[in-house]
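A.B. asks: sharing a sequence plus its predicted fold:
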Amino acid sequence: MKKLLFLLVVLALAGSRLASAQTLSPLGVWTNAEKKATFEIYKCGDKLCGKIVTLATPNDPATGKPKTDSQNPDPKLRSRPRLGLVFMQGFKYDDDNKWDDGKIYDPESGKTYSCYMKMESANAMEVKGYIGFSLIGKSQAWTRVK
């Protein structure tokens with residue numbers, strides 16, 4: 001009887017862990033601490049991607065024209081608009097509310113970094129870009145907009 005009770009407790013805990021992973025989904029619209037933009041995290045195939053959906057300053061102050069990917073290392077891509085730009089891709093669920101093995105592109109510098117997303121709560125997420133090891137890098141706190 002004790003073994004059966006133990007098994008039921010283990011299964012209940014495992015089930016609640018799976019349920020929390022599903023509840024803490026990064027899908028949706030987010031902003032970072034600077035609130036310069038909002039980003040949509042969405043499914044792209046069997047992985048997750050992210051795109052820029054709004055910019056606090058959508059136009060270049062110098063030209064008055066919509067901001068472009070002007071810092072991109074590929075000259076052919078420098079004229080593409082920042083709005084709608086897919087800047088995160090390749091994230092797959094790892095464990096413990098963490099999506100890993102992704103890439104994040106910074107259109108302000110033109111650099112691409114390895115990245116992970118970790119849900120801290122239903123409306124808060126850590127996004128960390130890094131080179132090499134994830135111990136060294138830059139983290140941002142993102143807040144869900146919707």
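C.D. replies: Thanks, I have the structure now.
A.B. asks: from here on, contacts and neighbour counts on C-alpha atoms
C.D. replies: Fine.
A.B. asks: now residue 86: closest residue in space that isn't a chain neighbour?
C.D. replies: residue 51 (4.1 Å; Cα to Cα, 6 or more residues apart in numbering).
A.B. asks: now do residue 82
C.D. replies: residue 68 (5.0 Å).
A.B. asks: ditto for residue 112
C.D. replies: Nearest to residue 112 is residue 105, by Cα to Cα, 6+ apart, at 4.2 Å.
A.B. asks: tell me where this protein is predicted with low confidence.
C.D. replies: Applying pLDDT under 70 to the chain flags residues 1-23.
A.B. asks: how about the CA coordinates for the helix or strand harbouring residue 101, as CSV?
C.D. replies: Per DSSP states H and E: residue 101 is located in strand 98-106. Below are the C-alpha coordinates for strand 98-106, written out as CSV (Å, rounded to 0.1, in the frame of the first residue of the first chain):
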residue,chain,number,x,y,z
LYS,A,98,13.7,27.0,-20.4
TRP,A,99,13.9,27.2,-24.2
ASP,A,100,17.5,26.9,-25.5
ASP,A,101,19.7,26.5,-28.6
GLY,A,102,18.3,29.7,-30.1
LYS,A,103,19.9,32.6,-31.8
ILE,A,104,19.2,36.3,-31.1
TYR,A,105,20.1,39.1,-33.5
ASP,A,106,20.7,42.6,-32.3
